[in-house]
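Participant: got a structure for you, letters missing:
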Ligand SMILES: Cc1ncc(COP(=O)(O)O)c(C=O)c1O
Ligand SMILES: N[C@@H](CCOP(=O)(O)O)C(=O)O
């Protein structure tokens, strides 16, 4: 079982012996991980299974990236780096900047111009990152970050750095520790494909050491306009409102396909409308506010049910990857004039606007 929250030491100290990182390195940690697995009465009712939400927005910078950043930054520091670089659609940069700040490293971020949610940009800047906007998409930024780390004194901490996946696989450990075994199905959004690859590593490792009796079927969901793993071809101009997964040529393509094939899973595409509907339903029914990309797995589950896929009697985990407060602009767009109702400072006017009828006296 998980330790009590006040005893939680972050993913390196909780799972050090299971992580392929140099022995004994000091952990740069914000006590990431230990995130809640929240039962969804709504989705369990719809599927006839037990549906759990792995709420990764509860990590210190509001996304799952912190699990991999504690390992990446700890290793970079131990190896003598003075500066770190990443390409990002937002969350990786926020996380890298926070952990770099703690480690005393200089964070440098490459992002696609105009395609980063404001909350994530604010995080990166507040943590002291130098942010460079690129006229191009995430895939261009990643190519540049790789080349920069090759030719300049900066360490690359994107998920192409294998220690990132070492940290991120701890989410699978936590799920098994909590449920007592692996779920039957694990659903999650997929962009650069590091996370699905990390979960699969974690599940396989737990089975190999006897902490789980099985591994789940992995189902990954991409936005329709950025769904290379579904079509089998890179997307030169990926487009989606779910900016975190606006990625056309995932770096962990091969590992993600292995996760799919070895687990008997699949990749599917969901439209932006499905993603935004799922985001709103999850917030209003289950009280869990996630950013658009994070709702892709929920949209996928709803689509699967609509297609008569059976999850009856199954244990299903859906990872919701990042917090809704990172991208309030997209959330508010969905409400139009609803938020424009203004009344005088008068209770009757407010009650009328709310459609309330006065109690009989
Ligand atoms: C909120 C969020 N969800 C999902 C993803 C997809 O994760 P991955 O790139 O590891 O596939 C990302 C980043 O790409 C993200 O920031
Ligand atoms: N969504 C990511 C993009 C990929 O970053 P990775 O290093 O985790 O593959 C982001 O937040 O930037």
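Facilitator: Sure thing, it's come through. The shown structure was predicted, so the numbers you read here are calculated from the model rather than taken from an experiment. Ligands and ions are numbered 1, 2, ... in the order given.

Participant: any idea of the pLDDT on the most centrally placed residue in the chain?
Facilitator: Nearest to the geometric centre of the chain sits residue 321, at 2.6 Å (CA atoms, centre = their mean). In this model, residue 321 is scored at 98, pLDDT.

Participant: before we move on, what about residue 288?
Facilitator: What the model reports as pLDDT for residue 288 is 98.

Participant: cool, residue 70 as well?
Facilitator: Residue 70 is given a pLDDT of 98.

Participant: my guess is it contacts residue 26, does it?
Facilitator: No: the pair residue 70 / residue 26 is not scored as a contact, 11.0 Å apart, by CB atoms under 8 Å. Using the backbone N, CA and C atoms, a C-beta is placed for each residue, glycine as well.

Participant: how about residue 323: what's its closest non-neighbour residue?
Facilitator: Once flanking residues are discounted, residue 323 sits nearest to residue 57: 3.3 Å by CB to CB, 6 or more residues apart in numbering.

Participant: in a helix, the one you found, correct?
Facilitator: Yes: the assignment for residue 57 is a helix, going by DSSP: H, G, I helix; E, B strand; the rest coil.

Participant: could you measure from it over to ligand 1?
Facilitator: 8 Å (CB to the nearest ligand atom, to the nearest Å).

Participant: also residue 321?
Facilitator: Distance from residue 321 to ligand 1, by CB to the nearest ligand atom: 3 Å.

Participant: how many neighbours does the residue nearest to the residue nearest to the centre of the chain when sequence neighbours are not counted have?
Facilitator: Of all residues not flanking residue 321 in the chain, residue 294 sits nearest, at 4.3 Å (CB to CB, 6+ apart). Applying other CB atoms under 10 Å, we find 35 residues neighbouring residue 294.

Participant: ok, residue 46 next?
Facilitator: Look at residue 46: counted by other CB under 10 Å, it has 15 neighbours.

Participant: show me what the helix or strand where it lies is in contact with.
Facilitator: Element membership for residue 46, per DSSP states H and E: helix 41-47. Outside helix 41-47, the residues within contact range by CB atoms under 8 Å, 6 or more residues apart in numbering are 50-51, 281, 285-286, 298, 301-302, 305, 311-312, 314, 316, 318.

Participant: weed out the non-buried ones from those.
Facilitator: Among the contacts of helix 41-47, those buried by neighbour count (16 or more other CB atoms under 10 Å) are 50-51, 281, 286, 298, 301-302, 305, 311, 314, 316, 318.

Participant: please settle this for me: is residue 342 part of a strand?
Facilitator: No: counting by three-state DSSP, residue 342 is located in no strand; its state is coil.

Participant: pLDDT averaged over the helix holding residue 46 - what is it?
Facilitator: Averaged across helix 41-47, the pLDDT comes to 98.

Participant: chain center to that helix, what's the gap?
Facilitator: How far helix 41-47 lies from its chain's middle: 22 Å, per CA atoms, centre = their mean, to the nearest Å.

Participant: for stretch 281-296, same thing?
Facilitator: 12 Å.

Participant: so which bits of that stretch are buried?
Facilitator: Residues of stretch 281-296 classed as buried by neighbour count (16+ other CB under 10 Å): 281-282, 286, 288-296.

Participant: report the two of those separated the most.
Facilitator: 286 and 293 (17.5 Å; CB to CB).

Participant: ok, back up a step: quick one: residues contacting the residue nearest to residue 323.
Facilitator: 63, 288-291, 294, 320-324.

Participant: now these as a markdown table including distance to residue 268?
Facilitator: Shown next, in a markdown table, are the contacts of residue 57 (distance: CB to CB, whole Å):
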| residue | distance to residue 268 |
| --- | --- |
| 63 | 22 |
| 288 | 22 |
| 289 | 24 |
| 290 | 19 |
| 291 | 20 |
| 294 | 16 |
| 320 | 17 |
| 321 | 17 |
| 322 | 20 |
| 323 | 24 |
| 324 | 23 |
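
Participant: from those, which is closest to residue 267?
Facilitator: Nearest to residue 267 among these: residue 321, at 16.0 Å, using CB to CB.

Participant: so can I have TSV of the buried residues of stretch 281-296 showing secondary structure?
Facilitator: Shown next, in TSV, are the buried residues of stretch 281-296 (three-state DSSP):
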residue	secondary structure
281	helix
282	helix
286	helix
288	coil
289	coil
290	strand
291	coil
292	helix
293	helix
294	helix
295	helix
296	helix
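
Participant: please enumerate the strands of the stretch 1-150 of the chain.
Facilitator: 37-39, 50-55, 83-87, 106-112, 130-134 (DSSP state E, counting those that start in this stretch).

Participant: most tightly surrounded among these?
Facilitator: Highest mean neighbour count among these (mean count of other CB atoms under 10 Å): strand 83-87, with a mean of 27.

Participant: check whether that strand contacts ligand 1.
Facilitator: No: shown here: strand 83-87 not in contact with ligand 1 (CB under 6 Å from any ligand atom), separated by at least 10.6 Å.

Participant: do stretch 238-247 as well
Facilitator: Yes: using CB under 6 Å from any ligand atom, stretch 238-247 comes into contact with ligand 1 via 244-245.

Participant: touching that stretch from outside, list them.
Facilitator: Outside stretch 238-247, the residues touching it (CB under 8 Å, 6+ apart) are 89-91, 112, 115-117, 137-139, 189-192, 222-226, 228, 248, 272, 275-276, 291-296, 321-322, 327, 330.

Participant: good, we can wrap up now.
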